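> Got a sequence here, can you model it:
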Amino acid sequence: MEEGFIHLGPYSRTLTHTRFSITLRSELGEYHSLILFRLSSANHNESENINDVAYKQLYAMEAACPHLGADMSHADIEEYCGDDGEEPSTVIVCPWHRYDFDLATGKSDTGLRACVYEVRVRQPETAGEAEVWVEAPQGGTGWHLVDLRPVSEDFADPPPNPADEVTPLAPPRVIEPSAPLEPVVPEVDPPTTLVEWAVLILNTPHPTLKVERTRHAVKLFQTGELKSIGHKLKNAPKPPDLPPRDEAYINHMSYSQKASGRKSKGATLHALANIEQWAIDLSWDIIARYGPTNQDLPHAFFSDWARIALDESKHFTLLTKRLAEISPGTPYGSLAVRAGIWESAQATFHSLLSRLAIIHLVHEARGLDVNPATVEKFRRTGDTDSVAILEIIHMDEVTHVTAGHRWFSWICKNKGIDPVQTFREEVRRGWRGDIRGPFNEKDRAKAGMTKEFYADLKGEMGDASKVAIGYE
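The predicted structure follows:
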């Protein structure tokens, strides 16, 4: 064990991508985000000291630019040759305002300095694989790794080796929309801020176009082409109370389960895809609805929810594609479309704390509880392709609950209130009935949801608080 360092895992794990997003949490629930950069994919020479690999290849830097807090996960990497005898160096260039920082020292010609963290690679004394460690942040105690995930979007990584190239996913087979699809970028008054994109996507009825616009907007934001969040503008657009759905996808026909008492695999995938479509909307809604009324939120808040919107779009596409493969007679939209989760979202419109508690720390945490059983159901049928998709979704959802816990805790800290007691009070006011197990304690704890949050918890919101919605 490296004192003052955090274990990231085996060295081979860092060879799959050029950069990784690292989320750390202290024993007091404080969060810290880093980016791990790998400059070379070449394996080290066997005669070379394994720790020299870290100094040549692996670098860690804070994830937020010290200028205005922009996300650095998609920063450009440039070589600086040096002038007048200066040593050559590698710099990271923020995609928003082109501030550059030395990857090894964090120094910038602007006078700003980014925090950098030493990376060590250690070969065990006995046989075994080399392990990677990163320096712990200053302040706080008991830091540990919450999540290490590749920044895997194609605009962040170099083109893959043709020998390893995987055939891209085909578009999901869905029923025909009632009207032709609009262009991804509107020809008239295209969005110029993240909030404008969020409202446009929320008002996009067709799910495929919603996915395409999400991918486009997040790419613009992460690469710095979209340089304004827009939540501090007086004329920021308002999100809809209920995101519309294309008429071709609103099916009021109830699905009977009397024959077997269980949903078919196709019906299960259809239901999960429907949840993911609402999850895309919820990710954009938290940006558009609460950003303008919580102007102290940092850039990282918007980066997190834009990333989650991208994840939910990926999940929707994977599920609808798989649904078309195993149940071609029931493409997405051919079964009932329900909106129960949006009912809960409407009940939280008044408060960001309430939204984070009810949607992201109750609904989504409940997903962590039930997902393993769903995966096992498909595993028993031998459907390994569906299992692989559902496991990807589950791993991503752990990080989504983590984001909910991170920002709930951040707001509580700023207000000087206890996060556990505040959460329990929000659930008491904004939830109906018991929060029942069985609980996936391991993954809940990984996301920050320890037992003290949810043990013996009950909501007391009455039926009179129920909000009517348009889809059932």
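
> Asp385 belongs to a helix, doesn't it?
Yes. Secondary structure assignment places Asp385 in a helix (DSSP: H, G, I helix; E, B strand; the rest coil).

> got a list of what it touches?
Arg322, Glu325 (Cβ atoms under 8 Å, 6 or more residues apart in numbering). Bear in mind the C-beta positions are built from the backbone N, C-alpha and C, glycine included.

> His32 now?
Counting by Cβ under 8 Å, 6+ apart, His32 touches Thr23, Leu24, Arg25, Ser26, Glu62, Pro137, Gly140, Trp143.

> same question, Arg307
So Arg307 contacts Val218, Gln222 (Cβ under 8 Å, 6+ apart).

> ok, now with 10 Å
Applying Cβ atoms under 10 Å, 6 or more residues apart in numbering to Arg307 gives the contacts 21, 71, 73, 149, 151, 153, 218, 221-222, 283, 396, 399-400, 403.

> now swap in Pro186 and tell me
Leu200, Arg213.

> Distance check, Glu27 against Glu343.
Using Cβ to Cβ, to the nearest Å, one obtains 37 Å as the distance from Glu27 to Glu343.

> What strand or helix carries the residue nearest the centre of the chain?
In the chain, the residue lying closest to the centroid (Cα atoms, centre = their mean) is Ile308, at 3.0 Å. In the assignment (DSSP states H and E), Ile308 maps to helix 299-326.

> Looking at the contacts of Arg307, which is nearest Asn371?
Asp396 (10.6 Å; Cβ to Cβ).

> So which elements touch the helix or strand containing Arg366?
Element membership of Arg366, judged by DSSP H and E, is helix 364-380. Judged by 3 or more Cβ pairs under 10 Å, 6 or more residues apart in numbering; DSSP states H and E, helix 364-380 is in contact with helix 265-290, helix 299-326, helix 384-415, helix 441-446, helix 451-454.

> pLDDT weak spots in the stretch 51-200 of the chain?
51-56, 81-87, 152-180 (pLDDT under 70).

> My read is that Gly459 contacts Gly430, right?
Yes. Here Gly459 reaches Gly430: they are 6.7 Å apart, a contact under Cβ atoms under 10 Å.

> isn't Lys415 right next to Thr422, touching?
Yes. Between Lys415 and Thr422 there is a contact at 8.2 Å, judged by Cβ under 10 Å.

> if I look at those two, which residues touch both of them?
If you check Lys415 and Thr422 against Cβ under 10 Å, 6+ apart, the residues they both contact are Leu353.

> quick one, which of these two is more surrounded?
Neighbour totals were compared for Lys415 and Thr422, and Thr422 leads with 17 against 11 (other Cβ atoms under 10 Å).

> List the contacts of the residue nearest to that one when sequence neighbours are not counted.
Take Thr422 and drop its neighbours on the chain: the residue closest to it by Cβ to Cβ, 6 or more residues apart in numbering is Cys412, 5.4 Å away. Neighbour list for Cys412: Gly29, Leu353, Leu356, Asp418, Pro419, Val420, Gln421, Thr422, Phe423 [criterion: Cβ under 10 Å, 6+ apart].

> quick check, nearest of these to Leu200?
So of the contacts of Cys412, ranked by how close each gets to Leu200 (Cβ to Cβ), first place is Leu356, at 23.7 Å.

> which residues does the closest one contact?
Taking Cβ under 10 Å, 6+ apart as the test, what Leu356 contacts is 286, 290, 348, 362, 403-412, 423, 426.

> What values do phi and psi take at it?
The phi/psi pair for Leu356 (degrees, to the nearest 10) reads phi -60, psi -40.

> Going forward, the N-terminal residue is numbered 369.
Yep, numbering from 369; the last one is Leu724 now.

> Could you report the separation of it from Glu555?
36 Å.

> likewise Ala566?
If you measure Ala566 against Glu555 using Cβ to Cβ, the figure is 20 Å.

> Tell me which of these two has more neighbours.
More neighbours surround Ala566 than the other of Ala566 and Glu555, with 33 against 7 (other Cβ under 10 Å).

> Helix or strand: which one has the more buried one?
For Ala566, the element it lies in under DSSP H and E is helix 562-570.

> which secondary structure elements does that helix contact?
Here helix 562-570 touches helix 575-590, helix 633-658, helix 667-694, going by 3+ Cβ pairs under 10 Å, 6+ apart.

> now the second one and helix 575-590, what's the angle there?
Between helix 633-658 and helix 575-590, the angle comes out at 40 degrees (axes from the mean of the first three to the mean of the last three Cα atoms, to 10 degrees).

> what's the average pLDDT for helix 633-658?
Helix 633-658 comes out with an average pLDDT of 95.

> buried residues in it?
Neighbour counts over helix 633-658 (16 or more other Cβ atoms under 10 Å) mark 633-658 as buried.

> Could you chop the chain up by domain?
Taking automatic domain parsing as the reference, the chain has its domains at 373-525, 562-833.

> In CSV, list those domains along with distance to Glu550.
Shown next, in CSV, are the domains of the chain (distance: least, Cβ to Cβ, whole Å):
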stretch, distance to Glu550
domain 373-525, 23
domain 562-833, 6
